[in-house]
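Participant: let me see the structure of the following:
(chains A and B)
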Amino acid sequence: MTQTDETLSQEETGTEPTATLSAMDRVRLARDPQRPATLDYIGELCSDFVELRGDRSFGDDCALIGGLATFRGRSVMVMGHQGGTNTRENIERNFGMPRPEGFRKARRLMRHAQKFSLPILTFVDTSGADPGISSEERGQATAIAECLMQMIGTRVPIICTVIGEGGSGGALAISLGDRLLMLENAVYAVASPEACAAILWKDASKAAEAAETMRITAADLDRFGIIDELIPEPVPAHEAPRDTIYTVGDRIAAHLDMLCATFDPDDDAGVHDLLDRRYSKFRKIGAWSEAGTEG
Amino acid sequence: MRNFFQRQGKFRPLSKGDERSAEQQQIPEDLWVKCPKCGELLYSRELERNARVCPKCSHHFRLSARERISLLADSDSFQEWDSTVSPQDPLKFVDGQGPYDEKIVKTQKKTGETESLITGSARINGRPVVMVVAEFNFLGASMGSVWGEKMARAVERAVEERMPVLTVNASGGARMHEGLFSLMQMAKTIAAFHRLGENRLPHFSLLVDPCYGGVPASYATVADVMIAEPGALIGFAGQRVIEQVTRQKLPEGFQTAEFLLEHGMIDQIVDRGNLRDLISTLIDHYLGAPQGLGSYSANGLRSATELEQTVTVVDTPGPATTTTGGMS
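Facilitator: Sure thing, here's the model as predicted:
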């Protein structure tokens, strides 16, 4: 995609065409099996990708993949959720729902990146962490918690991008970065609209209403200040996969340049500054009130 | 009504089947409680005296946050923090049961609490500790913005004042009415506990029944010491969800504290009556450590030996003392 194309497309999204989509429409777009997924982004944006597999204690989880890659001239650690486009692949990748091994692998790769001062790029695209019996047996909650604890303190710049469905804890587990970017038709929610409808409306068919009420679109989250940037998607990503991927790549590169310009792994003060900013970024998220103040 | 009953009822023979009299005497709910585990009918005052642990089968009944605090903290030592931090309704959320902001007011009236997390400082057998306790009666101890804010403040204060942190964790999951704000409290709390760890201050996490979702998937399962009460149900996904998704029958004892211990997820299962002593012993170990708590004696935290001399003087009339002998 050329420079002019990009400016054009950003202008286009300023106008209404996609603004008329309902939250549930965007949920459907975010879940479209043809929508570009993590491996598509790695394939288009990175070269020399070397996948690193396994959690070193139980297995390898193909629902959360990652490895070393070159992104626009920089060596990076890249990781993300990966579902399948057909039934066989979906079974192999557990529909993109990581098991504890996935989160433990992610944690291992984050430590690895820290050891060699490689920036981390993550792509978020999952309906959530696997809710199966064996995942519970192997400590799903603990695996997510350990991944979060590692990520928040990882001493390298981290850029996270929600490219499809951001589903609850399984999505959050690889989202604690210095930047959180989100495609216009991606969604990010604490629970799926279906689950929310079943729990709060006692009626799963109220999913569309729940989706609207939960404020899960990129525009909503941008307004709340929870994401750092909404990446326009003038045409749904699956209809213009390469354009979308390169737009995302440009935005990631811009933020990475910004973060890396001031980052020096040997400068302790600089690293602390990075971690302090990351801390404040999450510290201030919330809506509460207190006699006289509002958060 | 009560006066009426007292005036007239005294002399009026109670007729059998007189519903109003029965109602006014409030039996049997108040006086007798049936143990859900062994079926034993328990005299409720005896149950209270036993820290709400069944004397027959040692089933641990749930405690309110206030009951928990009075059980664990030295008497009158708990000083609450940030009790005026109240929830907001950022999404203007309305579900099948009505608007969220009305639900908050109703729940506050019903429970007498402003939110589902209570924070403060206390002493346990004389040792100062930051104590954070979830209130399950407040919207199922769901984690929302107030939870995150109060937790972050409490942990930051622990760092400032060099104190260990004890969290008592129960939760039904995320406060869905607050949308992604609620999910982000996992990030906010884990960030705070990361700081605590960087400052080498210990976090003890006590998991009590029930504890699900974002709380165990964030700070509650990455504590330095993980303790659970017997029989507590703890997990990431709720049992109904797992059954629906997998269409499998759940194994016996699935997600109980015992199950977690067997799978290596927690350090110990501890009877309610032994908690105080265990936690104060733990604190002493960290006081004896060369870095962290042990390297500071500021702010009332004294060395372990010094504490030992004063512990005998510390009066512990809380329910734990009376129950220690009766359990395990």
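
Participant: interface residues of the stretch 51-200 of chain A facing chain B?
Facilitator: Residues of the stretch 51-200 of chain A lying close to chain B (CB under 8 Å from any CB of the partner chain) are A:129, A:131-133, A:135-142, A:144-146, A:148-149, A:152-153, A:168-169, A:172, A:175-176, A:188-191, A:195-196, A:199-200. (Glycine included, C-beta is placed from N, CA and C.)

Participant: how near is A:Asn208 to A:Trp201?
Facilitator: One correction, residue A:208 is Ala, not Asn. A:Ala208 is 11 Å from A:Trp201, where distance means CB to CB, to the nearest Å.

Participant: swap that for B:His60, sorry
Facilitator: For B:His60 relative to A:Trp201 (CB to CB), the value is 33 Å.

Participant: of those two, who's got more company?
Facilitator: Applying other CB atoms under 10 Å in any protein chain shown to B:His60 and A:Trp201 shows that B:His60 carries more neighbours, namely 20 against 17.

Participant: ok, the more buried one - contacts?
Facilitator: B:52-54, B:208-209, B:229-232, B:271-272 (CB atoms under 8 Å, 6 or more residues apart in numbering or on different chains).

Participant: go on, A:Leu181?
Facilitator: A:Leu181 touches A:159-162, A:227-231, A:248, A:251-252, A:255, counting by CB under 8 Å, 6+ apart.

Participant: now, the residues you listed that are in strands?
Facilitator: Mapping the contacts of A:Leu181 onto strands (DSSP state E) picks out A:159-162, A:229-231.

Participant: quick check: mean pLDDT of the helix or strand hosting B:Leu282?
Facilitator: Using DSSP states H and E, B:Leu282 maps to helix B:275-287. If you average the pLDDT over helix B:275-287, you get 94.

Participant: of all the residues in that helix, which ones are buried?
Facilitator: Using 16 or more other CB atoms under 10 Å in any protein chain shown as the burial criterion, the residues of helix B:275-287 that qualify are B:275-280, B:282-284, B:286-287.

Participant: tell me, how many residues neighbour A:Leu256?
Facilitator: A:Leu256 sits with 22 neighbouring residues when counted by other CB under 10 Å.

Participant: what distance separates the start and the end of stretch A:133-141?
Facilitator: Across its full length, stretch A:133-141 reaches 12 Å between end residues, using CA to CA, to the nearest Å.

Participant: touching it from outside, list them.
Facilitator: Identification of contacts with stretch A:133-141 by CB under 8 Å, 6+ apart yields A:58, A:99-101, A:103, A:129-131, B:216-217, B:221, B:234-237, B:242, B:246, B:248, B:250-251, B:254-255, B:259, B:263-265.

Participant: against which helices or strands is the helix holding B:Leu282 packed?
Facilitator: Packing partners of helix B:275-287 (3 or more CB pairs under 8 Å, 6 or more residues apart in numbering or on different chains; DSSP states H and E): helix B:65-72, strand B:117-124, strand B:127-134, strand B:203-212, strand B:225-228, helix B:304-311.

Participant: check whether the helix ranked longest in chain B contacts chain A.
Facilitator: Longest helix of chain B, by residue count under DSSP state H: helix B:179-198. Yes. Residues of helix B:179-198 contacting chain A under CB under 8 Å from any CB: B:179-188, B:190-195, B:197-198.

Participant: which secondary structure elements does that helix sit against?
Facilitator: Using 3+ CB pairs under 8 Å, 6+ apart, helix B:179-198 sits against helix A:140-152, helix A:168-172, strand A:187-189, helix A:268-283, helix B:145-161, strand B:203-212.

Participant: rounded mean pLDDT for the shortest one, please.
Facilitator: Per-residue pLDDT values across strand A:187-189 average out to 98.

Participant: try the second one
Facilitator: Averaged across helix A:168-172, the pLDDT comes to 97.

Participant: so how far is it off the chain centroid?
Facilitator: Taking CA atoms, centre = their mean, to the nearest Å, one finds the center of helix A:168-172 at 9 Å from the center of the full chain.

Participant: show me where pLDDT drops low in the chain?
Facilitator: Going with chain A. Along chain A, segments meeting pLDDT under 70 span A:1-19, A:292-295.

Participant: you answered for a different chain; I wanted chain B.
Facilitator: Those would be B:1-29, B:294-328, if you go by pLDDT under 70 across chain B.
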